[in-house]
Structures are given as structure tokens and as C-alpha cells.
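Enquirer: Below: sequence and its predicted model.
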Amino acid sequence: MKEKQHTASCCCGEMAITFEGEPLRVFRCHCKYCQRRTGSVFQVSAWFKREQVVCKTDGKVFNESENNAGVDYSFCTRCGSTVHWPLARSFSLDVYAVAVGCFADKTFPKPDIDIHEQHRHPWVPLIDGVESYKEWPPFVHDLVASANTAKDEM
């Protein structure tokens, strides 16, 4: 049986990325950078392994070395939507983060983790059963450390 596919696209449909299977994690980030970058009070991203990519259309990359993670955001040159960003440079992970809103799928899994909770607007409710952290959770640092160890052993 083939796994479910998820396709995220920009507003105009010129840029898209499709994944097979479910995301590793779904993050809701309340940091001030994500608030400014999205124009919203938080951003929600789903993380997928690179090998889950079925097909993708690349956009233009906005290299943001000033933010904490140094993320390379891929956005559509026609409509400006930020669709995905690889985490290889920022976290040394072979993972894509994707803006959940670009899936435009109300059945998409809800966030399973809240980060940068100290910047959450007080009128934004917490989600029942979702882990909440003031910074990046320890398991993200563990993923990075294990990825770096694997690289050193090659």
C-alpha cells in the first residue's frame, strides 16, 4: 500500500513540493523572527526527511544568516510565498521544513510541539497535549549532535 502524499504549494501554484508519508514533527514557533518573517503571530512548519521528497519545484532562496538558525528559505518568485527550507545548513539535518499553511489541508496533523513559548501572544491558546519549550527542545540538539557525529565518522 502506497503511503499518503502531501503537496505544499505557493499561492499561485508555480512552486510546489510533494512528500510521501507523514512528517517527522510539526512545530509551532512563536519567536519574534518567525512572527516578522510570516507576518503572523507564529509559524507552523512540518519536518520531512529528504528521502520523503517525491518531487519539488525550486524557487528563489532568501539566505538569512542574521537569524539564529541561518536558514535558507525557498520562496516563489512570482507570488512571494515561502514554501520550504532545507535544514542542512542550519541544523546539519537532511530534512526539509515546510510551511504547513502551504498544504492548505485542514486534515494535516496539528503541531506536536510549541517552541519559543515566551514570545507567544497571550491571546493565542496553548494546544492540549502539545509539548511546549522556551527554546529549541533537547531532542533537536540531539539530532544535530548525532548527525555531526555521523559526518565525523565518514
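Expert: It's in.
Enquirer: same question for the lengthiest strand in the chain, mean pLDDT?
Expert: Assignment by DSSP state E gives strand 43-49 as the longest strand of the chain. Mean pLDDT, strand 43-49: 94.
Enquirer: I'd like the next helix or strand past it.
Expert: Counting by DSSP states H and E, the element after strand 43-49 in chain order, helix or strand, is strand 53-56.
Enquirer: Quick check: buried residues in that following strand?
Expert: The neighbour-count check on strand 53-56 (16 or more other C-beta atoms under 10 Å) flags residue 56 as buried. C-beta here means a position set from N, CA and C on the backbone, and glycine is covered the same way.
Enquirer: Stretch 17-30 now?
Expert: Neighbour count says stretch 17-30 has 17, 18, 19, 23, 25, 26, 27, 28, 29, 30 buried, by 16+ other C-beta under 10 Å.
Enquirer: mind listing the helices in the chain by residue range?
Expert: With helices called from DSSP state H, the chain shows them at 32-38, 88-91, 138-153.
Enquirer: any idea which of the ones you listed scores lowest on pLDDT?
Expert: helix 138-153 (a mean of 54).
Enquirer: What residues are bridge-paired with the nearest residue to residue 25 once chain neighbours are set aside?
Expert: Once flanking residues are discounted, residue 25 sits nearest to residue 47: 5.0 Å by C-beta to C-beta, 6 or more residues apart in numbering. Counting by DSSP bridges, residue 47 is bridged to residue 25, residue 97.
Enquirer: shouldn't residue 47 be in contact with residue 29?
Expert: No. Contact criterion C-beta atoms under 8 Å: residue 47 and residue 29 do not qualify, at 11.7 Å.
Enquirer: sorry, back to before: against which helices or strands is the longest strand of the chain packed?
Expert: strand 25-29, helix 32-38, strand 95-99 (3 or more C-beta pairs under 8 Å, 6 or more residues apart in numbering; DSSP states H and E).
Enquirer: Give me whichever of those is most buried.
Expert: Stretch with highest mean neighbour count among these: strand 95-99 (a mean of 24; mean count of other C-beta atoms under 10 Å).
Enquirer: Just the C-alphas of that one, formatted as PDB.
Expert: Extracted as PDB, the C-alpha positions of strand 95-99 are listed here (Å, rounded to 0.1, in the frame of the first residue of the first chain):
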ATOM      1  CA  VAL A  95      15.400  17.400   6.500                       C
ATOM      2  CA  TYR A  96      13.000  19.900   4.800                       C
ATOM      3  CA  ALA A  97      10.800  22.200   6.900                       C
ATOM      4  CA  VAL A  98       7.600  23.200   5.100                       C
ATOM      5  CA  ALA A  99       5.100  25.900   5.900                       C
END
